[in-house]
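Novice: Sequence isn't available, so here's the structure alone:
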């Protein structure tokens, strides 16, 4: 629906209040929140990307596998999980509220650089390469090789990021800053998963990308439209070379609860966001996994699941 006719009907007071709302950060830490530092070791951290959709009936077991990482002591230390919800299954009868065309585009870019053979869900990408959990191996492996130290310093909503690589890399590097939603849940009404209550962790809510020739960046925490129902927010960062999505190093951690609480109070509704024309697109290394992390019942489901390819 075109919001212009609706805006014409707004009272001057309502328009004024909305204009104030548009100038406020939607979800971000504020001055007074405790300072934080997230830092990787020198060994490469494992970035686990899951491309998923609420409209795909093959995806719940894969999401259950990713969700288990919330209880792992290796979270943020060895593993950085991110769930990218794609939009190409929305036509099946259920529109995924976390899906975004940019997530679909990212998956296509992986296919173009031959990290995966095709575009499908659920799809895991581990440090830039396609991977599928199985009954024989629930450990995505990788990580630990010398990579360099990535450090994120957070003061209020201001970020200072540095990367000191241990290997030869291009002069220009791209930083990816992402806000993830934790403890989310959706009651799916239609489509292939109709009637399912779908829990979500590590949901990509906002992503900001910046380039630097010095390995240093200054930024603010990416603003996000969603989600009032998130129990916690996390901030993750990773760096890659231009034209190659393969991560060189990654780090991250939970944002403080005070920042999450204030962020929720300031958050605009989806209708307000649309009226403001907010664009989401601008928005021990060798340790093995614990038995709980393996989550055998979910791995069994994953091993037998049907992977749905994009038509």
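Specialist: Yes, it's here. All values reported here derive from a predicted model rather than from experimental measurement.

Novice: Only the buried residues of stretch 244-261, if you could.
Specialist: Using 16 or more other Cβ atoms under 10 Å as the test for burial, stretch 244-261 gives 245, 247-256, 259-260. From N, CA and C alone the C-beta is placed, and that goes for glycine too.

Novice: If you could redo that for stretch 95-109, that was the one I meant.
Specialist: Applying 16+ other Cβ under 10 Å to stretch 95-109 flags 96, 98, 99, 100, 102, 103, 104, 106, 107 as buried.

Novice: and the end-to-end length of it?
Specialist: 23 Å (Cα to Cα, to the nearest Å).

Novice: now that stretch: mean pLDDT?
Specialist: For stretch 95-109, the mean per-residue pLDDT is 97.

Novice: Show me the contact partners of that stretch.
Specialist: By Cβ atoms under 8 Å, 6 or more residues apart in numbering, the surrounding residues in contact with stretch 95-109 are 51, 53-55, 83-90, 116, 119, 123, 181, 184, 186, 200, 203-205, 207, 226-227, 245, 280-281.

Novice: Quick one, which of these are buried?
Specialist: For the contacts of stretch 95-109, buried by 16+ other Cβ under 10 Å: 51, 53-55, 83-90, 116, 119, 123, 181, 184, 186, 200, 203-205, 207, 226-227, 245, 280.

Novice: So which of those residues belong to strands?
Specialist: Within the buried ones among the contacts of stretch 95-109, residues falling in strands by DSSP state E are 51, 83-85, 123, 181, 184, 186, 200, 203-205, 207.

Novice: closest to residue 131 among those?
Specialist: residue 123 (9.1 Å; Cβ to Cβ).

Novice: Surely that closest one touches residue 111?
Specialist: No: counting by Cβ atoms under 8 Å, residue 123 does not reach residue 111; the two are 9.6 Å apart.

Novice: Out of the buried residues of stretch 244-261, the closest to residue 153 would be?
Specialist: Looking across the buried residues of stretch 244-261 and measuring by Cβ to Cβ, the closest to residue 153 is residue 251, at 11.2 Å.
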